[in-house]
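Asks: Sequence and computational prediction follow.
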Amino acid sequence: WKDNFEPFLAACKEAGVQHIVKLSFYHARDPAEPFQIVPLVKDHGHCDELLVKSGINYTILAASHLMSNPFVLQGQKLRSAEKPAVLVGASANKGVNYVSPNDIADAATRVILNPLEHGFKAYTLTGSSPIKEQEVCKLLGSYLEKPIMYAVQPINTFRETEMKSNDPEWMVDDFVTLEMIKA
């Protein structure tokens, strides 16, 4: 997608698009941030810079880790597992400042409804406070009505586990490096 972003912007200019609202990632435009090891984050930063330099009115919504990711990425396994289910990760139980996709949608809606107020701006969207994976397990367990435990894996084991998911390798690479950042 990053290779198509510049032609996309050119087409937007040609079509007279007045404002672009772009979802990005937390610290994507800061090359000094450790988040730059994640290919997805780096690609977002590259596209964000192209947008800023395009001259098109923009609003960038830079979100931290999505709170839905643990469930989206491991939800099927958690649903079908016997009690207790196990959420695996490599974050060493560090707190993560998850943000809800619903909050991102709310911010995007506010921007779209009032583009002049939010033009040529970037907003960082995070949760209200860091949450540890054990708390994520409690919340998911409450939702699924079964106990869920958190199992910390060494990053290489985590990667091997994720490679068995049949997700594309680029997605696994992004997921694994995002997990490394959490640790």
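Replies: Good, I have the coordinates.

Asks: which residues touch the residue sitting nearest the centre point of the chain?
Replies: Central residue of the chain (CA atoms, centre = their mean): His65, 4.3 Å from the mean position. Residues near His65 by CB atoms under 8 Å, 6 or more residues apart in numbering: Tyr26, Val96, Asn97, Tyr98, Val99, Leu178, Lys182. For the C-beta atoms, the positions are set from N, CA and C on the backbone; glycine is no exception.

Asks: The same query, at a cut-off of 6 Å, please.
Replies: Val96, Tyr98 (CB atoms under 6 Å, 6 or more residues apart in numbering).

Asks: which residues of the chain score low on pLDDT?
Replies: Residue ranges of the chain with pLDDT under 70: 183.

Asks: Quick one: name whatever helix or strand follows the helix ranked longest in it.
Replies: The longest helix of the chain (DSSP state H) is helix 39-54. Next helix or strand after helix 39-54 toward the C-terminus (DSSP states H and E): strand 57-63.

Asks: Going by neighbour count, which residues in that following strand are buried?
Replies: Asn57, Tyr58, Thr59, Ile60, Leu61, Ala62, Ala63 (16 or more other CB atoms under 10 Å).

Asks: Next SSE downstream of that strand?
Replies: Using DSSP H and E, the next helix or strand after strand 57-63 towards the C-terminus is helix 69-80.

Asks: export that following helix as CSV, just CAs?
Replies: Below are the C-alpha coordinates for helix 69-80, written out as CSV (Å, rounded to 0.1, in the frame of the first residue of the first chain):
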residue,chain,number,x,y,z
ASN,A,69,-5.9,-6.7,18.5
PRO,A,70,-5.5,-9.4,21.2
PHE,A,71,-9.1,-10.6,20.4
VAL,A,72,-8.9,-10.2,16.7
LEU,A,73,-5.5,-12.0,16.4
GLN,A,74,-6.2,-14.7,19.0
GLY,A,75,-9.9,-14.6,19.5
GLN,A,76,-10.8,-17.8,17.6
LYS,A,77,-8.3,-19.8,19.7
LEU,A,78,-9.6,-18.2,22.9
ARG,A,79,-13.2,-18.9,22.0
SER,A,80,-12.6,-22.6,21.1
